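K.L.:
here is a sequence together with a model predicted from it:
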Amino acid sequence: MDMSTTTAGISFDAAGLERFIETRGEPAAVSQARREAWAAFEAMEWPDRRQEDWIRTDLRLFHLDRFQLGASGEQVPSDASVLSTGVDLGGQVRSIDGHGVAATLDPALAAKGVIYLPLEQAVVEHPELVAKYFQQQAFDVGRDRFAALHAAFWTGGAFLYVPRGVVVERPLHLLSGISGGCDLSHTLVVLEPGAEATVLAEYLSPTLEASGLHCGGIELLVGAGAHLRFVNLQDWGRNVWHFAHQKAVVDRDASLQWTIGAMGARLAKVNQHVELVGPGANCQVNGVMFTEGRQHLAYHTLQHHAAPSCRSDFLYKAALQDQSRTVWQGMIKVDQGAQKTDGYQRNDNLLLSEQARADSIPGLEIEADDVRCTHGSTSGRVDEELIFYARSRGFTRREAIRAIVIGFFQQVFDRITIESVREALGESIARRVREFH
Amino acid sequence: MTDVLEIRDLHVSVEGTEILRGVNLTLKRGETHALMGPNGSGKSTLGLVIMGHPGYEVTSGDMLLNGESLLELGPDERARRGLFLAFQRPVAIPGVRLADFLRHATTNVRSPERKEGEELMPMREFRAELREKMGELKMDTEFARRYVNDGFSGGEMKRAEILQLAMLQPKFAVLDETDSGLDADAVRLASRSIADIGREKMGLLIITHHDKLLEHNPPDFTHVILGGRIVETGGVELAQELHSRGYERIRREHPDANEANRSMEEAESGQAIGSA
């Protein structure tokens, strides 16, 4: 596939979609799915604040017609990655503004049947394999306008396929950059039964002030007995709009450890959904959020127990600086047949200024009778007595605040089994924490 | 020249209520002073004010370290000049390991000019020293992996304070009821530990109710504080008298201070100030 294909100046409308499709060289079925998604987009309205999911998130300043596909500006420097620093990678896929710019994979893995490619390349080179999974189980095109827009115009992202029983030891890295344009990347991870892999995915901008639009999708399909560790660090520039639908389907005796670092974007609205579909499936989600300025980050999580004897454990921690705001709305849904469910969700927020605000809305929807589901949330400010204690031991005020903030996140860091990720998250947060009075 | 900590006619208020009403005290490095007094007398306040707790307002008077006023210095600057407070009620810092906390603290206190972000003392060197100090205090090294004061028993907190004292090697230390919450054996160990750290190297101000701590660390001076003022100063025999007979004579001989103390006790029970 020609990586240099340009889509500059394509607007998000019916004519734009046809021009876009012309540049793609995709199988007809893929193009047809795009057209159907666009029809779904046109049949819906933008969400507004009368809808329960959107009461706390104001979209009035978002105007899709101000964005075009492929308006590529600066490059994201390749050394900007924090997740891959010092990590011996098994492969890497990079894309900028939705254009694949590099893809590598250890030949030994390729020889075992592992596929790791930009998704746009995979749909051309492995059409049947991709079609079997792409937007089948873990993406709902009709969910809202952002899902439909994504399904119509997706570009960039990656396809990872790990065949039955194959263990990918070294982490695979996925870097998506926005440099003033749009990233509608779609990431599809398929682990066949008994497979294992670790994916480090990060979203980066070239500068802190960078603008742009991310309207993305993530699908994680974890087959029976498979083990996936998926790390997603969102560190866009402070003027990027971020909309995402992310879903994992975890089968019998499989496990998923999903770690999220959310630090960038001006406004982020993320739907994160884990569906446990086979007995003994296990999912741990570790969420780390740090916001500042006027950032608004909203996470809606759903842990859906569709099979018995599954375990889900969601822990989200957020620290908020300046006038920033977070919304966390979590739901544990347990189907009637999902007996012996063990579900846990928790959200703790640390407010670092008088103006910051964190909304935390846990929820349970349980139809089985033999389950254990617990949830909780806390919000509070940094205790001045802790700061005094640390200062009395020689810490400056700022060092004291930093130590307390990092300590606040330690409980979630302790759960993350990848050392480089723990360090990257800790350092990214420590860099941002400022002194306050 | 011997280091000197001087407190001169110190008046301190919290939210408009005067708690210290003209405290005078001169502490030389190498001396041990006992500070005793009934509840509400201002003992703990003095310790917190020496360390620079932001909740207390110094309305007049001064505190000087070798002639330099401490009043404009933050708690961290005071720590870096060699002051230390063993807290009566230390606070927990969840998620921060005691070892990491102490490495940072030790680096800052020993390198007062260190800027934020500059290197901490080498890990190997720090660990060796920490292991040695914990050995002397008969503490399990696993203890240092726990989060600062988080879930510690009362006794563990006090031992952690002594460990910090041992690592930071201050010029002057205020020990605020470092013996409370400890059983007799633990008090003996704590007392010996303080003596081992080197009483002769520090100026110690020991706030205590317990005679054991003073038995192992006999004070050169004993001060009695009542109603926010030091009303009597004597030698070790004064501490012994207070232990055996209580504060009746003091209260009787200083009726004004006793009256002030009564109203401060009432105010203290009404609001919890400086819970640290």
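P.N.:
Arrived safely, thanks for sending.
K.L.:
what does the stretch 101-250 of chain B have sitting close to chain A?
P.N.:
Residues of the stretch 101-250 of chain B lying close to chain A by Cβ under 8 Å from any Cβ of the partner chain are B:101, B:102, B:104, B:105, B:108, B:109, B:116, B:147, B:164, B:168. All C-beta atoms are positioned from the backbone trio N, CA, C, and that covers glycine.
K.L.:
where are the low-confidence patches of the chain?
P.N.:
Reading this off chain A. Low-confidence segments of chain A (pLDDT under 70): A:1-8, A:71-79.
K.L.:
you answered for a different chain; I wanted chain B.
P.N.:
Residues of chain B meeting the criterion pLDDT under 70: B:210-211, B:270-276.
K.L.:
which stretch of helix or strand covers whichever residue of it sits closest to chain A?
P.N.:
Relative to chain A, the nearest point of chain B is residue B:95 (2.9 Å; Cβ to the nearest Cβ). Residue B:95 is located in strand B:93-97, with elements delineated by DSSP states H and E.
K.L.:
just after that strand, pick out the following helix or strand.
P.N.:
Defined by DSSP H and E, the subsequent element after strand B:93-97 is helix B:98-110.
K.L.:
got the angle between the following helix or strand past that next one and helix B:98-110?
P.N.:
Downstream of helix B:98-110, the next assigned helix or strand under DSSP H and E is helix B:123-136. Helix B:123-136 and helix B:98-110 meet at an angle of 110 degrees, taking axes from the mean of the first three to the mean of the last three Cα atoms, to 10 degrees as the criterion.
K.L.:
give the partner strands of the helix or strand following helix B:123-136 in its sheet and their orientations.
P.N.:
Once helix B:123-136 ends, the next helix or strand along the chain (criterion: DSSP H and E) is strand B:147-148. Strand B:147-148 sits in its sheet next to strand B:93-97 (antiparallel), going by DSSP bridges.
K.L.:
contacts for the strand it pairs with, please.
P.N.:
Contact with strand B:93-97 is made by A:386, A:389-390, A:403-404, A:406-411, B:101, B:144-150, as judged by Cβ atoms under 8 Å, 6 or more residues apart in numbering or on different chains.
K.L.:
ChimeraX command for the buried members of the residues you listed?
P.N.:
In ChimeraX syntax, the buried subset of those is picked out as below (16 or more other Cβ atoms under 10 Å in any protein chain shown):
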select /A:386,389,390,403,404,406,407,408,409,410,411 /B:101,144,146,147,148,149
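K.L.:
helices of the stretch 251-400 of chain A, start to end?
P.N.:
Ranges of helices in the stretch 251-400 of chain A, per DSSP state H, counting those that start in this stretch, are A:384-391, A:397-413.
K.L.:
circling back: what's the closest of the residues of the stretch 101-250 of chain B next to chain A to residue A:135?
P.N.:
Nearest to residue A:135 among these: residue B:147, at 44.7 Å, using Cβ to Cβ.
K.L.:
that closest one bridge partners, please.
P.N.:
Taking DSSP bridges as the rule, residue B:147 bridges to residue B:97.
K.L.:
ok, it - contacts?
P.N.:
Contact analysis of residue B:147 by Cβ under 8 Å, 6+ apart lists A:407, A:410, B:92, B:93, B:94, B:95, B:96, B:97, B:98.
K.L.:
TSV for those residues, including distance to residue B:238?
P.N.:
TSV is the format used below for those (distance: Cβ to Cβ, whole Å):
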residue	distance to residue B:238
A:407	43
A:410	47
B:92	36
B:93	38
B:94	42
B:95	45
B:96	41
B:97	42
B:98	37
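K.L.:
now the buried members of these.
P.N.:
Buried by 16+ other Cβ under 10 Å: A:407, A:410, B:92, B:93, B:95, B:96, B:97, B:98, out of the contacts of residue B:147.
K.L.:
what about the residue lying farthest from the centre of chain A, distance to chain B?
P.N.:
Most distant residue from the mean C-alpha position of chain A: residue A:392, 40.4 Å away (Cα atoms, centre = their mean). Separation of residue A:392 from chain B (Cβ to the nearest Cβ, to the nearest Å): 5 Å.
K.L.:
my read: that residue touches residue B:75, true?
P.N.:
Yes. Using Cβ atoms under 8 Å, residue A:392 makes contact with residue B:75 at a distance of 4.7 Å.
K.L.:
common neighbours of those two, please.
P.N.:
Common neighbours of residue A:392 and residue B:75, using Cβ under 8 Å, 6+ apart, are B:51, B:52.
K.L.:
what about residue B:195, neighbour count?
P.N.:
Residues lying near residue B:195 (other Cβ atoms under 10 Å in any protein chain shown) number 14.
K.L.:
and for residue A:35, the neighbour number?
P.N.:
Counted with other Cβ under 10 Å, residue A:35 comes out at 14.
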